[in-house]
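# For reference, the sequence and a predicted model appear below.
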Amino acid sequence: MGLEQKLGDMGIVTTSLEKVVNWARSNAIWPMLFGLACCAIEMMSAQAPRYDLSRFGMELMRASPRQSDLMIVAGRVSRKMAPVLRNLYDQMPDPKWVIAMGDCASCGGVFNNYAIVQGVDEIVPVDVYVAGCPPRPETLIDGIMKLQEKIRREPLKKWQ
Amino acid sequence: MGLKEVLTRIVVGFATVLKTVTRRPVTIQYPEQQKPMSARFRGRHHLKRYEDGLERCIGCALCAAACPADAIYVEAGENTDEERYSPGERYAKTYEINMLRCIFCGYCEDACPTNAIVLEPIEFPTGYTRESMIYTKEMLLESPPINVPATPQRTPPGKYDRAILPFPPIDESQ
């Protein structure tokens, strides 16, 4: 962000600012609608009333990358889909995060072959990996809570 | 559309709203409150022990052979009477499951000759790195029962010759 470099060490001001901004960021993560396979069904289920992701400030899945903060890669990414995924990631405004949901997105899962990208971390930086085939909505919520913890720990110097 | 129909539709509309107002929400407040899982639900793996504290796993790697995703890696070591981990000749020196490869199908459970590996209805794991998602033997193995020593144990020679304990003799009189 460069704020610290410009203003110098402001002690309590920057640390409090860090807390406030991180709190705001972690409690309003809008995910991008990016379902690729069966994991998308569980992602929809997590969004539905039973598990209700809006309790965590994820009110709605945005269909446009320009309005979203979090990309939940739900499902297997084929080699042909990879440039599209990267393109969408580049279109997201900073700060942005990525959750690799499920086995296929995390490391290829059972599809250890030439057609599937062996983990989306080959193309985009992944923050949290969620295991399961597909993971239950509870597991996705666990992953999201882990991401929130990570955001709250983010130091000011690393802000984008 | 006549006035009568408009009025009926308004009444029906408000009735729907009132009905929904009185209904209880279906949301499960997940981290605090959890939906009860079926006893047969296949969650995370656990490596079991016998009642005397010895490990059930004999390092045969049948689970690794049965695994459709190649998520399990087993390396066997030799048991001795001075340092015994499991009954029989061999034990699992390293036992690793890549939770990101695992599809929780339960074939390893079916393949296991000693019922050592069990998938229990506990949540799937999540993590920040791929390395942290490879679960080692220490993470998978359950702790021994109370007042029972952990492995390796010192055992009398000849007591644990067989890896799979034989069935008790059939009573002919019955």
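Cool, got the structure. The structure presented is a predicted model; accordingly, all values stated were derived computationally and were not measured.
# any bit of stretch A:102-111 sitting next to chain B?
Yes. Applying Cβ under 8 Å from any Cβ of the partner chain, one finds stretch A:102-111 in contact with chain B at A:103, A:106-110. (C-beta placed from N, C-alpha, C; glycine too.)
# Now do the end-to-end distance for that stretch.
12 Å (Cα to Cα, to the nearest Å).
# tell me the mean pLDDT for that stretch?
Across stretch A:102-111, pLDDT averages out at 89.
# ditto for stretch A:133-153
90.
# Identify each buried residue in it, please.
A:133-148, A:151 (16 or more other Cβ atoms under 10 Å in any protein chain shown).
# Could you confirm whether any residue of that stretch contacts chain B?
Yes. On the criterion Cβ under 8 Å from any Cβ, stretch A:133-153 is in touch with chain B at A:133, A:135-139, A:141-143, A:145-146, A:150.
# Residue numbers of chain A in contact with chain B?
By Cβ under 8 Å from any Cβ, the residues of chain A that approach chain B are A:49-52, A:55, A:103, A:106-110, A:112, A:119, A:121, A:127-133, A:135-139, A:141-143, A:145-146, A:150.
# Farthest pair within the residues of stretch A:102-111 next to chain B?
A:106 and A:110 (12.1 Å; Cβ to Cβ).
# More neighbours: which of those two?
residue A:106 (30 against 19; other Cβ atoms under 10 Å in any protein chain shown).
# can you put the residues of stretch A:102-111 next to chain B in a markdown table and add distance to residue A:39?
Converted to a markdown table, those look like this (distance: Cβ to Cβ, whole Å):
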| residue | distance to residue A:39 |
| --- | --- |
| A:103 | 9 |
| A:106 | 10 |
| A:107 | 14 |
| A:108 | 13 |
| A:109 | 10 |
| A:110 | 13 |
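# Next, the contact list for residue 108, please.
Looking at chain A here, since you left the chain open. Going by Cβ atoms under 8 Å, 6 or more residues apart in numbering or on different chains, residue A:108 touches A:76, A:116-119, B:101.
# wait, chain B
Counting by Cβ under 8 Å, 6+ apart, the residues that residue B:108 touches are B:45, B:63-64, B:66-67, B:72, B:117, B:119.
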